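Asks: coordinates only, sequence not included:
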């Protein structure tokens, strides 16, 4: 297996694959309530077979070049993930997302991991626009979008039903020229 270091704290970014379904399920179980507050993942990944199916979906997306999932590890333990929910190279667009277990929050892990994923999408896959869609009440995820140099494009009022309530969603994005300019200027957080 291969991993990419996310810094001096032992954090790494690694691919997640169907054979890791047991570990992935244990990770979701550890963060089930916390992750589920804003993300539907715990409602989809409920047992070993659904964990395997979720990871298989992303393996198929990777094979079709339409999405990716990478785990965030800290001290070797899976504590979160970043995803390209969509990857449309023909149109040059992608949507990135993330989640973490509660014990891993506040360390900048998502920002560091998302930066690697966004950079790969832009520089390797030629994506022009990367979006970050987030519930308006998810301040930590909005902060990640800001640290990635994204701009808030829109608020989609009551657009997302989640656990019996409709949530406003914000669409944030970064364009390839802006991403590259921030990297060149050394202003990317």
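Replies: Right, received. Where do you want to start? On a predicted model such as this, the values are computed, not experimentally measured, just so you know.
Asks: drop to CA atoms for contacts and neighbour counts, all remaining ones
Replies: Fine.
Asks: all helices for the protein, in order.
Replies: Counting by DSSP state H, the chain has helices at residues 21-36, 41-44, 48-64, 109-123, 139-147, 176-185.
Asks: what about residue 109, how many neighbours?
Replies: The local packing of residue 109 (other CA atoms under 10 Å) involves 26 other residues.
Asks: other residues contacting the lowest-mean-pLDDT helix or strand in the chain?
Replies: Least confident element among the helices and strands of the chain, by mean pLDDT, DSSP states H and E: strand 151-162 (a mean of 85). The contact list for strand 151-162 (CA atoms under 8 Å, 6 or more residues apart in numbering) reads 38, 40, 136, 145, 166-174.
Asks: and if you look at stretch 166-180?
Replies: Applying CA under 8 Å, 6+ apart, the set of residues contacting stretch 166-180 is 122, 127-137, 145, 148-161, 188.
Asks: list buried residues within these.
Replies: In the contacts of stretch 166-180, burial by neighbour count holds for 122, 127-136, 145, 148-150, 152, 155, counting by 16 or more other CA atoms under 10 Å.
Asks: ok, residue 62 - contacts?
Replies: residue 68.
Asks: then residue 98?
Replies: Counted by CA under 8 Å, 6+ apart, residue 98 has contacts 80-83, 110, 114.
Asks: repeat for residue 96
Replies: Contacts for residue 96 (CA under 8 Å, 6+ apart) come out as 82-86, 114, 118, 130-133.
Asks: rerun at 6 Å
Replies: Listed by CA atoms under 6 Å, 6 or more residues apart in numbering, the contact partners of residue 96 are 83-85, 132.
Asks: looking at the residues you listed, which is nearest residue 71?
Replies: Distance to residue 71 across the contacts of residue 96 (CA to CA) is lowest for residue 83, with 8.7 Å.
Asks: I figured that closest one hits residue 67, correct?
Replies: No: between residue 83 and residue 67 there is no contact under CA atoms under 6 Å: 7.3 Å.
Asks: for residue 6, which of the helices of the chain is the nearest?
Replies: Among those, the nearest to residue 6 by CA to CA is helix 109-123 (6.2 Å).
Asks: pLDDT on that closest one, on average?
Replies: Here helix 109-123 scores 97 as its mean pLDDT.
Asks: report the distance from it to the chain centre.
Replies: The chain centre lies 9 Å from the centre of helix 109-123; the measure is CA atoms, centre = their mean, to the nearest Å.
Asks: for that helix, buried residues please.
Replies: So helix 109-123, judged by 16+ other CA under 10 Å, has buried residues 109-115, 117-119, 121-122.
Asks: and of those, the nearest to residue 63?
Replies: Using CA to CA, residue 121 is the member of the buried residues of helix 109-123 that lies nearest residue 63, at 15.2 Å.
Asks: so where's this structure shaky on pLDDT?
Replies: For the chain, the stretches with pLDDT under 70 are 1, 162, 187-189.
Asks: residue farthest from the centroid of it?
Replies: The outermost residue of the chain, judged against the average C-alpha position, is residue 185 (25.1 Å), by CA atoms, centre = their mean.
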